[in-house]
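In: I would like to see how this sequence folds:
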Amino acid sequence: MTRSWHRGAGLLMLLAALTAAPACSRPAGVELLPVPYTPSDARTAPADAASLQAEVIVSGLRHPWSMSWLPDGALLISERDGALKLFRHGQATPELVSGVPEVFASGQGGLLEVAVHPQFERNGWIYLTYAAGDTERNRTTLARARLEGTRLIEPEVLYAVPQWKRGSQHFGSRLLWLEDGTLLMSVGDGGNPPLTLDGALIREQAQNQGSALGKLLRLRDDGSIPADNPLVGDAGAEPTVWSLGHRNIQGLARDAGAGAIWASEHGALGGDELNRVGPGGNHGWPLVTHSREYSGAEITPRRSAPGLQDPQHVWTPAIAPSGLAVHGGGMTRAWRGDLFAGGLVSRDVRHLRRLSDGSVVELGALRIGQRVRDVREGPDGCLYVLTDSGHDGRLLRLVAGGDVAGEADQETATEARCQASNSAGKSGLET
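Out: As a prediction, this is how the structure comes out:
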């Protein structure tokens, strides 16, 4: 499926590789901001939680939403109002690019995810998700185009959610490349009550196998449907569906070492979730949830049910999770494989660890002090954070501010403390 894009002003931001060093390192001669680390529990506080610092790479962004690196170390950043931005090493001002699609920029809608094709050096493809339409009729859309200089060319719309909806809530939308070259795309459930679709609350679409709303979808890089998707061949089912029962996923990450796919998603009033997702999994929304209506009323009395996947971790009060990264150990080897989840409301980055018994514990929070929209690990091994603001959004690079030892014995000691805490009654679902 293709269509022409409205030609509009756009920005594309490319951040050149900061260092040739194999791991995250502190820049010389650069002023750094402190990033306090607050342990979640003294019993599980990692001994390696030394002081961290943040380098402000870019400021003055307008609601930045996503980032994705090019093979040369440059970085694409999307802004929700429809802009992509380009910064080359040594340049003080970003460059404009043309060819960005027209987006429905209202409420939670706009230009959302940007992702670089794994074979970009060969094909030049850039992938975007965005809200298309208007207040009365809109949907989440996936498109790609080739990056040529300061232009996006050869645009194609690869997928558009079949269900049109009203309002400006719950579009998703994150992208994640899988090891087999297919692409996961998150789509929100469509919005909060009293919004309806087909005579029922729109959030019930998350359990409708014939709808793309409230789902993780899986596509090939050209938008075609993999034959091994779990609902392919089922009468009336949406064949792109990979997992269902999601409210609004805005964090996706792959742990290649553990073979795990992680998703962080918004609850309503509390009940935000970290889920380990897989093909065919039903994560329960809105049949089961730890969340409540914004009024405080129960959505459902059920927190779990047979055949539905329980979350690995629940946040109540809500952190409003957005952005998720699995750390490769560039900052400290003791944090290798740990998860870092951004929080819009909590204004921090939560540090979580999956223990050898399969449970997940939250070790602490990196206090950013601004709404966190995205968290990624860069090619230099550092964690990068996008903060959400209408006039001064920032790209931060987190580095070790002290002598973070990162030795295997510290990792083992932290795990032992966490296991002992769990044995004393601390649950992986407790917040």
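In: Every contact and neighbour count from this point should use C-alpha atoms.
Out: OK.
In: Apart from its neighbours in sequence, what residue is nearest A341?
Out: Ranked by Cα to Cα, 6 or more residues apart in numbering and with sequence neighbours excluded, the top spatial neighbour of A341 is L324, at 4.6 Å.
In: elements contacting the helix or strand where that neighbour lies?
Out: Using DSSP states H and E, L324 sits within strand 321-326. Strand 321-326 is packed against strand 249-255, strand 260-265, strand 339-343, strand 372-377, with contacts defined by 3 or more Cα pairs under 8 Å, 6 or more residues apart in numbering; DSSP states H and E.
In: right, and these - which one's nearest G99?
Out: G99 sits nearest to strand 372-377 of all the helices and strands packed on strand 321-326, at 24.0 Å, using Cα to Cα.
In: by how many degrees do the helix or strand that that closest one is followed by and strand 339-343 diverge?
Out: With elements assigned by DSSP H and E, the helix or strand that comes after strand 372-377 is strand 383-387. Interaxial angle of strand 383-387 relative to strand 339-343 (axes from the mean of the first three to the mean of the last three Cα atoms, to 10 degrees): 10 degrees.
In: mind starting the numbering at 59 from now?
Out: Got it, the first residue is 59 from now on, which makes the last one we talked about strand 441-445.
In: Just the CA atoms of the helix or strand that strand 441-445 is followed by, as PDB, please.
Out: Heading C-terminal from strand 441-445, the first helix or strand you meet, by DSSP H and E, is strand 451-458. Extracted in PDB, the C-alpha atoms of strand 451-458 (Å, rounded to 0.1, in the frame of the first residue of the first chain):
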ATOM      1  CA  GLY A 451      13.200  18.900  25.600                       C
ATOM      2  CA  ARG A 452      16.700  17.400  26.000                       C
ATOM      3  CA  LEU A 453      18.800  14.600  24.800                       C
ATOM      4  CA  LEU A 454      21.000  13.400  27.700                       C
ATOM      5  CA  ARG A 455      23.900  10.900  27.700                       C
ATOM      6  CA  LEU A 456      24.300   9.200  31.000                       C
ATOM      7  CA  VAL A 457      27.800   8.300  32.200                       C
ATOM      8  CA  ALA A 458      29.400   6.900  35.300                       C
END
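In: Pull up the pairing partners for strand 451-458, direction included.
Out: Looking at strand 451-458 with DSSP bridges, its paired strands and their directions are strand 110-119 (antiparallel), strand 441-445 (antiparallel).
In: Output these as CSV; include the columns mean neighbour count, mean pLDDT and distance to T298.
Out: CSV is the format used below for those (neighbours: other Cα atoms under 10 Å; pLDDT from 0 to 100; distance: least, Cα to Cα, whole Å):
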stretch, mean neighbour count, mean pLDDT, distance to T298
strand 110-119, 18, 91, 34
strand 441-445, 25, 96, 30
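In: For Q265, find the nearest of the ones you listed.
Out: Closest approach to Q265 among the strands paired with strand 451-458 is made by strand 441-445 (32.0 Å; Cα to Cα).
In: how far does that closest one sit from the chain's center?
Out: The chain centroid and the centroid of strand 441-445 are separated by 11 Å under Cα atoms, centre = their mean, to the nearest Å.
In: one step back: minimum distance to L142: which of the helices and strands packed on strand 379-384 has it?
Out: strand 430-435 (15.1 Å).
In: ok, and what's touching the closest one?
Out: Outside strand 430-435, the residues that touch it by Cα atoms under 8 Å, 6 or more residues apart in numbering are 122-125, 309, 380-386, 398-402, 405-407, 441-446.
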